[in-house]
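> mind looking at a prediction? Sequence and model below.
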Amino acid sequence: MKTLPRLLIVDDEKNTREGLARSFRLDWDVITAENAEAALRLMRTEKADVILSDLRMPGLDGLAFLERLRAGGEGAPPCVIMTAYADLKTGIAAMKAGAWDFITKPLNLDAVEEVLKSALKASRQRLPAAPKTAAEAVIIDANPSSGKLRSSAVAVKTAAVPAAVEGLPGMLGVSSSMQEVFDLVRRVAPARSTVLISGESGTGKEGVARALHALSDRSAAPFVAVHCAALNANLLESELFGHEKGAFTSATGRRAGRFEAADGGTVFLDEIGEIDASIQVKLLRVLETRSFERVGGSETLRVDVRIVAATNRDLKRMVEEGKFREDLYYRLDVIRVHLPPLRERPDDIPALLAAALGQACADNRRQIRGFTSGALALLVRHPWPGNVRELRNVVEGSVVRCRGELIDVGDLPAGFGESPRPALAASPEPRRDNSLDVGVHERNLILEALRRANNSRTEAAKLLGMSRRTLHRRLQELGLESGEG
């Protein structure tokens with residue numbers, strides 16, 4: 001008979017403790033303790049391979065528990081800490097105190113199981129706990145009143161440990177493409193060179209510009225943003241360079257422009273591809289000599305500014321078409337930072353959802369714990385043509401509409417997630433990526449997946465993009481029956 005690894009669950013909430021124990025007894029020999037003191041007493045006579053402990057408990061909390069475990073020597077089992085989203089800073093402290101990993105509540109059982117397996121492997125191989133750059137968090141569909149844990153099929157990676165954004169204010173991302181952006185920004189921020197930020201609308205180009213300024217030695221001086229597409233040529237010229245009294249009909253006095261206001265700091269020119277040819281000439285001179293004249297004036301003014309420009313257009317093609325000056329293009333494109341669209345970095349979507357949810361709740365004085373599995377499935381699979389800006393707007397609107405503790409499918413914008421593709425039931429063949437969307441029609445999707453898989457739960461789970469364990473639970477909860485596979 002196979003000997004199961006032993007898991008010690010420490011949590012003062014009885015429903016949570018017993019629910020977790022029931023969930024993991026299939027693969028683990030589970031023992032439980034209602035607090036840290038009881039766990040330490042139990043460990044005098046019982047050996048555990050892995051510990052899963054709550055962070056906030058009466059008496060000894062999780063951090064103190066970790067200290068006592070560490071004091072016991074290198075033979076102490078790896079400990080995974082459970083913490084609420086609001087306790088993430090403390091969760092990071094737990095990692096520093098020696099926790100193998102930490103996971104956020106509400107819990108996703110599949111995600112927890114993966115972390116426990118990783119900890120068990122380390123326990124058996126005597127591997128040291130590796131530093132984490134991001135913690136796995138899950139936002140689940142829960143039924144607290146019954147004490148029953150219901151796992152979502154969708155696990156969420158959040159940038160809970162801010163290694164991905166450390167020293168890069170206002171930016172978030174765990175994908176490799178965004179890590180490359182962050183690294184480049186850190187390297188070029190101290191320089192004086194002009195930076196051109198390219199990317200689709202809504203990808204966060206202004207955030208990059210602000211980060212470049214914040215990480216430079218100009219951070220104490222002004223950061224001045226100008227949205228070029230919002231102004232016609234005459235207004236933009238006056239806005240950038242200022243004007244003298246009488247320069248035009250409404251010029252009743254002298255006015256300093258944005259370049260003067262930003263002296264010593266950074267000027268951010270958003271949508272630089274929209275500027276008129278006459279403005280391009282004056283801007284080229286500023287880049288070459290750091291000097292200009294106000295509109296209607298003859299005095300040459302000199303400024304010390306760094307210019308950061310952004311565009312969602314192909315400036316090189318515009319040069320070829322004669323719509324943008326070639327010399328200005330090369331003066332702007334000294335250092336290029338390209339922001340990939342959100343659809344090309346899906347690993348960032350859950351982290352951005354979590355951050356947007358927290359911000360929207362704070363702005364609107366709401367207390368919402370997360371998303372139901374159906375809503376979350378639609379959100380993580382949405383192509384986000386409007387990129388990060390669209391994501392933030394969708395989450396904020398959903399927060400305002402939400403009537404409960406979890407954002408559900410009905411709280412999302414009308415028609416959100418609808419696709420012109422035929423419905424699943426009308427499609428005789430699976431999609432080429434061999435997966436099915438798990439959304440609001442979960443029951444029908446599961447039945448269709450089982451039909452396609454000839455009632456094999458293992459194959460159906462693969463089609464649905466969930467684990468076999470999760471599919472088994474969903475079948476029970478939905479009252480569905482099928483053959484074993």
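Nice, I can see it.
> what about the spatially most central residue of the chain, which SS state?
By CA atoms, centre = their mean, the chain has its centre lying nearest to A351, at 2.2 Å. The three-state assignment at A351 reads helix, by DSSP: H, G, I helix; E, B strand; the rest coil.
> pretty sure it contacts L172?
Yes - using CB atoms under 8 Å, A351 is in contact with L172, at 5.8 Å. Where you see a C-beta, it was placed from the backbone N, CA and C, and this is true even at glycine.
> neighbours of G170, how many?
12 (other CB atoms under 10 Å).
> got it, and D333?
D333, neighbours per other CB under 10 Å, totals 16.
> and the gap between it and T203?
For D333, the distance to T203 (CB to CB, to the nearest Å) stands at 18 Å.
> so who does L328 touch?
L328 sits next to Q280, L283, L284, L287 when contact means CB atoms under 8 Å, 6 or more residues apart in numbering.
> so what's the last one closest to, chain neighbours aside?
Right, the one you point to is L287. R331 (4.5 Å; CB to CB, 6 or more residues apart in numbering).
> give the buried residues for the helix or strand that contains the one you found.
In this structure, R331 is located in helix 326-332 according to DSSP states H and E. For helix 326-332, burial by neighbour count (16 or more other CB atoms under 10 Å) applies to L328, Y329, R331, L332.
> what do you get for stretch 381-393?
R381, H382, W384, G386, N387, V388, E390, L391, R392.
> mind checking pLDDT for the third one?
Among the per-residue scores, W384 holds a pLDDT of 93.
> just say helix, strand or coil for it.
Quick answer, by three-state DSSP: W384 is coil.
> any idea how far the residue nearest to it when sequence neighbours are not counted is from S176?
Among residues not flanking W384 along the chain, L342 sits closest, at 4.3 Å (CB to CB, 6+ apart). In this view, L342 and S176 are 15 Å apart by CB to CB.
> the two: which has the busier surroundings?
With neighbours defined as other CB under 10 Å, L342 and S176 compare such that L342 has more, 26 against 10.
> quick one: contacts for the more buried one?
Contact analysis of L342 by CB under 8 Å, 6+ apart lists T203, D348, I349, L352, W384, N387, V388, L391.
> now distance to T300 too, for the residues you listed, in a markdown table please.
Converted to a markdown table, the contacts of L342 look like this (distance: CB to CB, whole Å):
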| residue | distance to T300 |
| --- | --- |
| T203 | 37 |
| D348 | 46 |
| I349 | 50 |
| L352 | 46 |
| W384 | 47 |
| N387 | 41 |
| V388 | 41 |
| L391 | 46 |
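> what's the most distant pair in the residues you listed?
T203 and I349 (13.1 Å; CB to CB).
> where along the stretch 201-350 of the chain do the helices fall?
205-214, 233-241, 258-261, 277-289, 315-320, 326-332, 349-364 (DSSP state H, counting those that start in this stretch).
> most tightly packed of those?
Most buried of the helices of the stretch 201-350 of the chain by mean neighbour count (mean count of other CB atoms under 10 Å) is helix 205-214; its value is a mean of 22.
> what does that one contact?
Against helix 205-214 from outside (CB under 8 Å, 6+ apart): 168-171, 181, 185, 188-189, 195, 197-199, 219, 223, 225, 265-266, 268, 270, 306, 308, 310, 312, 337, 339.
> ok, back up a step: nearest to L20, of the helices of the stretch 201-350 of the chain?
For these, the distance to L20 is smallest for helix 349-364, at 22.4 Å, taking CB to CB.
> other SSEs contacting the closest one?
Helix 349-364 sits against strand 156-158, strand 370-371, helix 373-381, helix 387-401, with contacts defined as 3 or more CB pairs under 8 Å, 6 or more residues apart in numbering; DSSP states H and E.
> mind checking how far the second one is from the chain centre?
Distance of strand 370-371 from the chain centroid (CA atoms, centre = their mean, to the nearest Å) equals 14 Å.
> pLDDT on it, on average?
The model assigns strand 370-371 a mean pLDDT of 86.
> what do you get for the longest one?
Averaging pLDDT along helix 387-401 yields 94.
> dump that helix to CSV, restricted to CA.
Extracted in CSV, the C-alpha atoms of helix 387-401 (Å, rounded to 0.1, in the frame of the first residue of the first chain):
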residue,chain,number,x,y,z
ASN,A,387,-5.5,47.0,-23.8
VAL,A,388,-4.9,48.0,-20.1
ARG,A,389,-7.1,51.1,-20.4
GLU,A,390,-10.1,48.9,-21.4
LEU,A,391,-9.4,46.4,-18.7
ARG,A,392,-9.4,49.1,-16.0
ASN,A,393,-12.6,50.6,-17.3
VAL,A,394,-14.3,47.2,-17.5
VAL,A,395,-13.3,46.3,-13.9
GLU,A,396,-14.4,49.7,-12.5
GLY,A,397,-17.8,49.5,-14.2
SER,A,398,-18.2,46.0,-12.9
VAL,A,399,-17.3,47.1,-9.4
VAL,A,400,-20.0,49.8,-9.5
ARG,A,401,-22.6,47.4,-10.9
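> state the pLDDT value of L339.
95.
> what's around it, how many residues?
By other CB under 10 Å, neighbour count at L339 equals 25.
> where does it fall, phi/psi-wise?
The phi/psi pair for L339 (degrees, to the nearest 10) reads phi -100, psi 120.
> relative to A449, how far out is the residue nearest to it when sequence neighbours are not counted?
Nearest non-adjacent residue to L339, counting by CB to CB, 6+ apart: G199, 3.4 Å away. Relative to A449, G199 is positioned 37 Å away (CB to CB).
> same deal with V50?
Distance of V50 to A449, computed by CB to CB: 32 Å.
> could you list the low-pLDDT ranges of this protein?
Along the chain, segments meeting pLDDT under 70 span 1-2, 72-74, 84-93, 95-96, 122-169, 418-445, 448, 462-467, 477-485.
> quick one, domains of it?
Domain ranges of the chain: 6-132, 176-342, 424-478, per automatic domain parsing.
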